[in-house]
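>>> got a predicted model here, sequence first, then my questions.
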Amino acid sequence: MQKIGSISDTVMEILNFPASSFFSDQHTHTIVPILFSGRTLHFPKLSATSSSSSESHNSKQVKFAKKISQNSATSVRRAGSGSPLRKTHKLNLEVSPHRAVSAVRLMRIELGGAFADLLNEQGKGSGDNEMGYVERTLGFRTRDLDDRDLRLVTEVVGGTIRWRRYLDHLILSLCHDERTFRSMEPLLVQILRIGFYEITKLDMPPYAVVDESVRLAKVALRPGAGNLVNGILRKLAVLKESDSLPAVEVDGDDRQQARGLATLYSHPVWMVRRWTKYFGQDEAIKLMTWNNSYPSFSLRANTGKGLTGADLVSRLSMLKVPHEPSLYLDDFVRLKTGMQNVIQAGLLKEGFCAVQDESAGLVVSIVDPQPGENIIDCCAAPGGKTLFMASRLNGQGKLFAVDINEGRLRILRETAKLHQVIDVISTIHSDLRSFSTDKVVEWDKVLLDAPCSGLGVLAKRADLRWNRKLEDMEQLKHLQDELLDSASRLVKPGGVLIYSTCSIDPEENEERIEAFLLRHPEFDIDPVNKYVPENFITTRGFYMSNPVKHELDGAFAARLVRSQ
Ligand SMILES: C[S@@+](CC[C@H](N)C(=O)[O-])C[C@H]1O[C@@H](n2cnc3c(N)ncnc32)[C@H](O)[C@@H]1O
């Protein structure tokens, strides 16, 4: 058997992968208590979209018995600066910290609705808090995460979420029966998923993974759980070595094929059916492959602070972060790895640059803000596009940022101060539908970056595919129509309305615009040819970035001019 230490060598190869995302486009968190292992934990819970997927392993309330580990101790200490006194448990140096933290993070995301990307974003900063969760959940402490552990946690958590459906298929195939799998405690499921992910997708040394996983299951759950993990993971290791992992069948009628593809590429069945209908099976497969790949990130140099793309490039070079200039936008730089270094070096905190996908930057190119203009951003928070537009105004003109979510608007204001563009921005906390009813039409340009399914950003938002439901699509379309009608009321004659989404779904994009034009003959399409490269332009003159074709997030924008 290989030594546990040998995992590190394999791990070293993947440590440069970035966090799975650094930005959240979802709504506020509320706190719900969950009874867990005889203790009550407080997990952040989504208020808008619940993470409890119908396809998730165990969506019932977390209520299972776990023998509190013998490691439980009764000492009392102060956990980090400012933390209240709390009971602490014994330090366990035998369980690998990345595995313990990953398992607990995955439970928080799946059962408590914490955002994968927010946890990653907070990264080290949330260490004390996160280690508190780990301790209370597992009944023991692990040593603190070092930078390498942290990157591994990010990788393992993102990958395990993405591959969940496929991993569950493998686990189920290697269990005695379905009941064994369905009745597993949530923590046990996460330990198995992590082990399966590491062996099948990261090619980590199988016996080291088995050893570490068994140890965690034994200490955090019970000896029997360790035996179960041992049996199942060893079977997997043998199958992996002989290249005979359980196959996924993709045959039969359309529905059966969609189910097979959904398992093989680990997506919800409804998404596979929808993409096959709109793009064909080959494109749907390419899209899913993109969604499962390591996301790359783009940074925008903060020109509002007088910085340029060249300044950003030289700072990244100093940090030895590999980067390439954007093919499409000045002041944007693309990174495949090294995001964690950027965060740790403080580039985001000091407002040197912002994380912004080029696909979103190109939407701002379509708005084409000019100094002196009066612009309103109707769904502005947390402000990615607002800040970029503001930096283009060079201190002349006015930018109004409306959003229904006060918390997200606060983030916008704080970032605008940091980026030194606050002088041209006024925030308005309002529902656009009521805000627009009694307004004098005065805006040169109106941007509606509408709430959408986010189906274009699934590579970055690892958990979103499991949270999004088919039923959401109808509700979103209805909201998008209402918001389009509201936004259109704000455009002055001769002014421009830009509608954008981070979706690739035709029903949220072209179809919404066609329906809008039927309701509003006073608007015409203004083709986006002048503003973005030709390979982003659709036959109707809209902007569309396609993850498979452009290797960017998926996004859409239409530019409409008001005649009277
Ligand atoms: C796609 S996000 C906007 C992202 C933002 N434009 C950016 O680039 O960072 C959609 C936003 O619409 C807001 N929103 C949803 N419904 C709204 C409404 N009825 N009125 C105003 N804002 C709304 C949400 O709070 C959310 O912040």
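That came through fine.
>>> what segments of the stretch 251-400 of the chain are helices?
Listed in chain order, the helices of the stretch 251-400 of the chain (DSSP state H, counting those that start in this stretch) span 254-264, 269-279, 281-291, 309-318, 339-344, 358-367, 384-392.
>>> okay if I get the ones you listed as CSV plus distance to the ligand and mean pLDDT?
Quick note: C-beta positions are derived from backbone N, CA and C, even for glycine. Shown next, in CSV, are these (distance: least, CB to the nearest ligand atom, whole Å; pLDDT from 0 to 100):
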stretch, distance to the ligand, mean pLDDT
helix 254-264, 26, 97
helix 269-279, 19, 98
helix 281-291, 19, 98
helix 309-318, 20, 95
helix 339-344, 18, 89
helix 358-367, 6, 98
helix 384-392, 3, 97
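>>> turn those into CSV, columns for distance to E324.
As requested, these are exported to CSV (distance: least, CB to CB, whole Å):
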stretch, distance to E324
helix 254-264, 31
helix 269-279, 28
helix 281-291, 18
helix 309-318, 10
helix 339-344, 14
helix 358-367, 11
helix 384-392, 20
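>>> put together a markdown table for the ones you listed, with mean neighbour count on each row.
Formatted as a markdown table, the helices of the stretch 251-400 of the chain follow (neighbours: other CB atoms under 10 Å):
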| stretch | mean neighbour count |
| --- | --- |
| helix 254-264 | 18 |
| helix 269-279 | 19 |
| helix 281-291 | 19 |
| helix 309-318 | 16 |
| helix 339-344 | 21 |
| helix 358-367 | 24 |
| helix 384-392 | 26 |
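>>> longest strand in the protein, please.
In the chain, taking DSSP state E as the definition, the longest strand is strand 491-501.
>>> what does that strand contact?
363, 366-367, 441-450, 452, 456, 480, 484, 487-488, 508-509, 512-513, 516, 523, 526, 543, 555-564 (CB atoms under 8 Å, 6 or more residues apart in numbering).
>>> and if you look at stretch 366-376?
With CB under 8 Å, 6+ apart, stretch 366-376 has contacts from 385, 389, 392-402, 442-447, 490, 496, 498, 500, 528, 530-532, 543, 557, 559.
>>> filter those down to just the buried residues.
Buried by 16 or more other CB atoms under 10 Å: 385, 389, 392-393, 397-402, 443-447, 490, 496, 498, 500, 528, 531-532, 543, 557, 559, out of the contacts of stretch 366-376.
>>> name the SS class of whatever residue of the stretch 451-564 of the chain ends up closest to the ligand, please.
Here the stretch 451-564 of the chain gets closest to the ligand at one residue, P451, 4.2 Å apart by CB to the nearest ligand atom. Counting by DSSP: H, G, I helix; E, B strand; the rest coil, the backbone at P451 sits in coil.
>>> same deal with I109?
helix.
>>> against S486, how distant is it?
34 Å (CB to CB, to the nearest Å).
>>> pLDDT below threshold where in this protein?
Along the chain, the model assigns pLDDT under 70 to residues 1-88, 112-128.
>>> mind redoing it with 50?
Counting by pLDDT under 50, the chain contains low-confidence ranges at 1-85, 121-126.
>>> mind checking how far the residue nearest the centre of it is from W163?
Nearest residue to the geometric centre of the chain (CA atoms, centre = their mean): R461, 2.1 Å. R461 sits 15 Å away from W163, going by CB to CB.
>>> how about D177?
23 Å.
>>> between these two, which is the more surrounded one?
W163 (21 against 8; other CB atoms under 10 Å).
>>> was I right to think that one contacts E198?
No - at 10.8 Å, W163 does not count as touching E198 under the criterion of CB atoms under 8 Å.
>>> at which residues are the helices of the stretch 451-564 of the chain located?
464-467, 470-488, 510-519, 547-550.
>>> just the ones you listed: most buried one?
helix 464-467 (a mean of 23; mean count of other CB atoms under 10 Å).
>>> residue numbers of this protein in contact with the ligand?
25, 379-385, 402-405, 408, 431-433, 449, 451 (CB under 6 Å from any ligand atom).
>>> narrow the residues you listed to those that are buried.
Among those, the ones that count as buried by 16+ other CB under 10 Å are 25, 379-385, 402-405, 408, 432, 449, 451.
>>> can you flag which of the residues you listed belong to strands?
V402, D403, D449.
>>> identify the residue spatially nearest to the second one, adjacent ones excluded.
Right, D403. A381 (3.8 Å; CB to CB, 6 or more residues apart in numbering).
>>> quick one: that neighbour and T415 touch, right?
No - A381 is beyond contact range of T415, at 10.0 Å (criterion: CB under 8 Å).
>>> the closest residue in space to G195 that isn't next to it in sequence: neighbouring residues, count only.
Excluding the flanking residues, the one nearest G195 by CB to CB, 6+ apart is S213, at 4.2 Å. As a burial measure, S213 scores 26 neighbours (other CB under 10 Å).
>>> which residues touch S213?
Contacts for S213 (CB under 8 Å, 6+ apart) come out as R99, I191, L192, I194, G195, V229, L233.
>>> how close does it get to N230?
8 Å.
>>> quick one: the strands in the stretch 101-250 of the chain?
In the stretch 101-250 of the chain, no segments count as strands under DSSP state E, counting those that start in this stretch.
>>> so what's the residue count around P506?
16.
>>> re earlier: got phi/psi on the residue nearest to D403?
When read as degrees, to the nearest 10, the backbone of A381 gives phi -80, psi 150.
>>> which one of the helices of the stretch 451-564 of the chain lies nearest to H169?
Of all the helices of the stretch 451-564 of the chain, helix 464-467 sits nearest to H169, with 14.7 Å by CB to CB.
>>> and the gap between the spatially closest residue to I422 that is not a sequence neighbour and the ligand?
Spatially, and ignoring its direct neighbours in sequence, I422 is nearest to A416 (4.3 Å; CB to CB, 6+ apart). Distance of A416 to the ligand, computed by CB to the nearest ligand atom, to the nearest Å: 12 Å.
>>> quick check: beta-bridge partners of R562?
Going by DSSP bridges, R562 is paired in beta bridges with F523.
>>> thought E522 was touching it, still the case?
Yes - the pair R562 / E522 is scored as a contact, 5.8 Å apart, by CB under 8 Å.
>>> more crowded one of these two?
Ranked by neighbour count (other CB under 10 Å), R562 and E522 place R562 first, with 19 against 14.
>>> can you pull the contacts of the more buried one?
S488, V491, K492, P493, G494, G495, V496, L497, E522, F523.
>>> closest one of those residues to V238?
Using CB to CB, the contacts of R562 come closest to V238 at L497, 60.5 Å.
>>> give me the neighbour count for that closest one.
L497: 25 neighbours (other CB under 10 Å).
>>> do you know how far it is from D444?
Going from L497 to D444 by CB to CB gives 11 Å.
>>> before we move on, what about A103?
From A103 to D444 the distance is 52 Å (CB to CB).
>>> quick check: closest non-adjacent residue to L412.
Closest to L412 by CB to CB, 6+ apart is G383, at 3.4 Å.
>>> got the contact list for the one you found?
With CB under 8 Å, 6+ apart, G383 has these contacts: A401, I411, L412, T415, A416.
>>> just say helix, strand or coil for the second one.
Just to be clear, that refers to I411. helix.
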